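Asks: requesting a structural model of the entry that follows:
(2 chains)
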Protein chains: 2
Amino acid sequence: MAERVAGAEIERLIQLLARLPGLGPRSARRAALHLIRKREELLAPLADAMQTAREKILVCSQCGNIDTLDPCTICRDQRRDPNVLVVVETVADLWALERAGAIRARYHVLGGTLSPLDGIGPQDINLETLVARVGEGEVREVILAVNATVDGQTTAHYVTDLLSHLEVKTTRLAHGVPVGGELDYLDEGTLSTAIRQRTVF
Amino acid sequence: MAERVAGAEIERLIQLLARLPGLGPRSARRAALHLIRKREELLAPLADAMQTAREKILVCSQCGNIDTLDPCTICRDQRRDPNVLVVVETVADLWALERAGAIRARYHVLGGTLSPLDGIGPQDINLETLVARVGEGEVREVILAVNATVDGQTTAHYVTDLLSHLEVKTTRLAHGVPVGGELDYLDEGTLSTAIRQRTVF
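Replies: A predicted model of the protein is given here:
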């Protein structure tokens, strides 16, 4: 309906914005109006940033991270421990671990999880390159930093099997009470695990 | 933090996306990753649409609507009733009324409301052009389609005073129960008004 009112160009902008995760049709309209109001401060730089991203951003051929370099900044970083490889599902998970400053190692982005119900099998995620990387011999420990979901855990088991013939230790993230979390709001599974895997104070 | 990981270009894209209404830092990161994953289907067309918007979109010098034409499509539309002018706060409100197909008239976008507390006075919204338009003599009725907020109603009263010396009728939107609304969820003010302004069934 907005097309008749405001021109095909604005309508197209709204429709494309509505395809971003987190924006629905109504918030896409608000975002488009905001962009047009802030033409010089926001619309112009955002259009430029998108153009730059479109031209420059690459997927790292080693780890699957995204960057303007290939191999990416992390794979090039000589100060990172070459003996530890952190396996994550997505680039977002990689970023989350980096933001936390959790570990100074390299990563391997699977690009998804095994999900038989959705028809996602081993050939659909970056497993072949993982086996090849670990097979080179430098990696001593693979940390399976996958989500604590059924698909994540299925994938973790599959990766462990896949790497079992190589001389590498596979580990996984600790389960337990989130830091700052209140027991009253946690599910039974987390609480049971937290008790079972309790540590000396 | 993502800069160190993913390059200044991606970080810049995230920061700009985070300035859109409805997107916070976390959802901006998700949106950026989604854009990069869907480079050809979404990032490229969105970058182009923004570039087009930046170059082509104008603010209508008559009514304050946005369009690629000035005067805008609505102001040019000869099939609209020239005797009725609908005063709205924002372009979003204009679009909402057009989507509803509520009336085939022309609009006047104030671009805000009077808000003494925020230091927004009569000179900060498009009142001068409104008086000039109505003063031309063709408009017989001004519909004050402003929000039912304190600032909206303050503005409505001010506009009515401003136009009182001209030969024009000022009207406002009906208050009442929203169509499809449940009485149980409505505030007392709406319910009292709906009773007071009841109509014959």
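Asks: just to be sure, residue A:50 is in a helix?
Replies: Yes - applying DSSP: H, G, I helix; E, B strand; the rest coil, one finds residue A:50 inside a helix.
Asks: and the gap between it and residue A:40?
Replies: Distance, residue A:50 to residue A:40, using C-beta to C-beta, to the nearest Å: 16 Å. C-betas here are computed from N, CA, C, even on glycine.
Asks: what's the following helix or strand after the top strand by length along chain A?
Replies: When chain A is parsed with DSSP state E, its longest strand is strand A:81-88. Next in sequence after strand A:81-88, counting helices and strands by DSSP states H and E, comes helix A:91-100.
Asks: beyond that next one, next helix or strand please.
Replies: Of the helices and strands lying after helix A:91-100 in sequence (DSSP H and E), the nearest is strand A:105-109.
Asks: anything in that following strand near chain B?
Replies: No - figure legend: strand A:105-109 not in contact with chain B (C-beta under 8 Å from any C-beta of the partner chain); closest approach 9.5 Å.
Asks: flag every buried residue along that strand.
Replies: Within strand A:105-109, the residues scored as buried using 16 or more other C-beta atoms under 10 Å in any protein chain shown are A:105, A:106, A:107, A:108, A:109.
Asks: neighbouring strands - and their directions - for the longest strand of chain A?
Replies: Sheet pairing of strand A:81-88 (DSSP bridges) gives strand A:105-109 (parallel), strand A:141-144 (parallel).
Asks: for residue B:186, find the nearest of those strands.
Replies: Residue B:186 sits nearest to strand A:105-109 of all the strands paired with strand A:81-88, at 50.3 Å, using C-beta to C-beta.
Asks: now the closest one: mean pLDDT?
Replies: If you average the pLDDT over strand A:105-109, you get 96.
Asks: next SSE downstream of that strand?
Replies: In N-to-C order, the element after strand A:105-109 by DSSP H and E is helix A:128-135.
Asks: what angle separates that next one from strand A:81-88?
Replies: Interaxial angle, helix A:128-135 versus strand A:81-88 (axes from the mean of the first three to the mean of the last three C-alpha atoms, to 10 degrees): 160 degrees.
Asks: okay, and for chain A, where does confidence drop off?
Replies: Counting by pLDDT under 70, chain A shows low-confidence ranges at A:1-6.
Asks: give me the domain ranges for it.
Replies: Domains of chain A are assigned by automatic domain parsing as A:8-56, A:66-200.
Asks: who's more crowded, residue A:50 and residue A:40?
Replies: Between residue A:50 and residue A:40, counting by other C-beta atoms under 10 Å in any protein chain shown, residue A:50 is the more crowded of the two (26 against 8).
Asks: the more buried one: what's it in contact with?
Replies: Neighbouring residues of residue A:50 by C-beta atoms under 8 Å, 6 or more residues apart in numbering or on different chains: B:13, B:35, B:43, B:46, B:47, B:50.
Asks: so the fourth one sits in a strand?
Replies: Okay, so that is residue B:46. No - assessed with three-state DSSP, residue B:46 is helix; it does not lie in a strand.
Asks: what is the neighbour count of the residue nearest to it when sequence neighbours are not counted?
Replies: Distance criterion C-beta to C-beta, 6 or more residues apart in numbering or on different chains; nearest residue to residue B:46, sequence neighbours excluded, is residue A:16 at 4.4 Å. Counted with other C-beta under 10 Å, the neighbours of residue A:16 add up to 20.
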